[in-house]
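[1] Predicted model follows, preceded by the sequence.
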Amino acid sequence: MQIFGVDIGGSGIKGAPVDLDKGDLAQERFKVLTPQPATPDGVADGVREVVSHYGWTGPVGLTFPGVVTGGSTIRTAANVDKGWIDTDARALFTERLGGLPTTIVNDADAAGVAEVNFGAGRDRKGTVILLTFGTGIGSALFIDGALVPNTELGHLELGGHDAEKRASSKAKDDHELTWEHWAHRVQKYLAHVEMLFSPELFIIGGGVSRKSEKFLHFIEGIKAEIVPAQLQNNAGIVGAAMHAAKDN
């Protein structure tokens, strides 16, 4: 079975048909840049471009980089335009995609669900936390495989700042940090999250998961196991499609 998944991020909108039996992309993904500012209309146009690239006519699952309540209403918009807040995203995307059935889920929650079902968190019991390092820091918290949605742990305070302002992948680029320097910031953040939740496993997702050999070995003093996401930066697309499959 195939469902289309779209992962909306602060810098890019990427999507592809997903093979739900394998938990992997059925075709190579297509990506467009997220418009700046990332307004609802601008992002919806980007999503339409991605879906139209494949001539897709079935259900579409989408992620969003913020809190999604009631399966549609956007409550936070840290790394996109504030005009998203209180937007009925499902209605917006369904209209822009010509009536195709759509579902919306938090981006990190989608990535986490994919990893817990098909990747690094598969068959893991206890508390598992996936953290996506990109434009911000997304989080997905699981207890014995069950998702606790919309945790937004990237906004925990770290050194007087939102953690994602100090330890996201964007922060690394903005401050021109070496991998080692950035890893020390990530270590401080993980120690703070570990103090609060005592997880058995941290899964490191987002684009940096492809480069885990450059920084993971610098992170010390964390009791939990730390592993890169196996689905890497495709996890959000896969999770979005999985979410849509439950709804269709």
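    Okay, I see it. Numbers count the residues shown, from 1 in each chain.

[2] Just the buried positions in the longest helix along the chain, please.
    For the chain, the longest helix by residue count, based on DSSP state H, is helix 179-197. In terms of neighbour count (16 or more other CB atoms under 10 Å), helix 179-197 has its buried residues at 179, 182-190, 192-194, 197. The way it works is simple: take the backbone N, C-alpha and C, and place the C-beta from them, glycine included.

[3] what would the residues you listed look like in CSV with pLDDT and distance to residue 214?
    CSV is the format used below for the buried residues of helix 179-197 (pLDDT from 0 to 100; distance: CB to CB, whole Å):
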residue, pLDDT, distance to residue 214
179, 98, 5
182, 98, 9
183, 98, 8
184, 98, 13
185, 97, 14
186, 98, 12
187, 98, 14
188, 97, 18
189, 98, 17
190, 98, 16
192, 97, 22
193, 98, 21
194, 98, 22
197, 98, 26
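
[4] Am I right that residue 31 is in contact with residue 9?
    No: at 9.5 Å, residue 31 does not count as touching residue 9 under the criterion of CB atoms under 8 Å.

[5] for the chain, what spans make up the helices?
    40-53, 89-96, 107-118, 163-167, 169-174, 179-197, 235-247.

[6] Just name the most buried of the ones you listed.
    Ranked by mean neighbour count, the helices of the chain are led by helix 107-118 with a mean of 28 (mean count of other CB atoms under 10 Å).

[7] looking at this protein, which helix or strand is least sure?
    strand 157-158 (a mean of 90; mean pLDDT, DSSP states H and E).

[8] which of residue 31 and residue 9 has more neighbours?
    Ranked by neighbour count (other CB atoms under 10 Å), residue 31 and residue 9 place residue 9 first, with 25 against 16.

[9] Give me the distance between the residue lying closest to residue 21 once chain neighbours are set aside and residue 23.
    Nearest residue to residue 21 in three dimensions, chain neighbours excluded: residue 1, at 6.5 Å (CB to CB, 6 or more residues apart in numbering). Going from residue 1 to residue 23 by CB to CB, to the nearest Å gives 11 Å.

[10] More neighbours: which of the two?
    Of the pair residue 1 and residue 23, residue 23 is the one with more neighbours under other CB under 10 Å, namely 21 against 9.

[11] Just the pLDDT for the nearest residue to that one once chain neighbours are set aside.
    Distances taken as CB to CB, 6+ apart put residue 118 closest to residue 23, at 3.0 Å, once the chain neighbours are dropped. Note for residue 118: predicted pLDDT of 97.

[12] Cool, thanks, signing off.
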